[in-house]
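>>> From the sequence below, what's the structure:
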Amino acid sequence: MAAPLSEDQIREKLKHLDGWKAEGNKLKKNYKFADFRQAIAFIVRVGFEAEDAMHHPELFNVYNNVSIQLSTHDAGDQITDKDFELAKRIDSIQS
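This next block holds a predicted model:
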């Protein structure tokens, strides 16, 4: 089981991610795309990365906007290294 990170650890790790924030025991980021098709394609790619990592995010979509929230369920829905690792993988989709 992954161990929850302290607030100091979270703040330090956030320095290495672009656009992610910690809020309410979750890592969160919003993405905006040109249209619905691009947003859905991104969600599908995130799904493959998440399944490969065996770590599943909360995904929300409205037209061309996608919001992602990450927390580790088996760590009491707290932020762990698993969340930061998946955040990096998700960001790599956009690169």
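>>> what residues does the longest helix along the chain touch?
The residue-count maximum for a helix in the chain (DSSP state H) belongs to helix 36-53. For helix 36-53, contacts defined as CB atoms under 8 Å, 6 or more residues apart in numbering pick out 31, 33, 56-57, 59, 61, 63-66, 68, 82, 85-86, 89-90, 93-94. Where C-beta positions appear, they are placed from N, C-alpha and C, glycine not excepted.
>>> Among those residues, which ones are in helices?
Secondary structure assignment (DSSP H) places 82, 85-86, 89-90, 93-94 from these within helices.
>>> now, the most widely separated pair of the residues you listed?
By the measure CB to CB, the ones in helices among the contacts of helix 36-53 have their two most distant members at Lys82 and Gln94, which lie 19.9 Å apart.
>>> more neighbours, these two?
Using other CB atoms under 10 Å as the criterion, Lys82 and Gln94 rank with Lys82 on top: 19 against 11.
>>> Test my guess that that one contacts Ser71.
No. Lys82 sits out of contact with Ser71 when judged by CB atoms under 8 Å, with a separation of 9.3 Å.
>>> got the buried residues for stretch 19-34?
The neighbour-count check on stretch 19-34 (16 or more other CB atoms under 10 Å) flags 20, 22, 26-29, 31, 33 as buried.
>>> Make JSON lines out of the residues you listed and add pLDDT.
As requested, those are exported to JSON lines (pLDDT from 0 to 100):
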{"residue": "Trp20", "pLDDT": "98"}
{"residue": "Ala22", "pLDDT": "98"}
{"residue": "Lys26", "pLDDT": "98"}
{"residue": "Leu27", "pLDDT": "98"}
{"residue": "Lys28", "pLDDT": "98"}
{"residue": "Lys29", "pLDDT": "98"}
{"residue": "Tyr31", "pLDDT": "97"}
{"residue": "Phe33", "pLDDT": "97"}
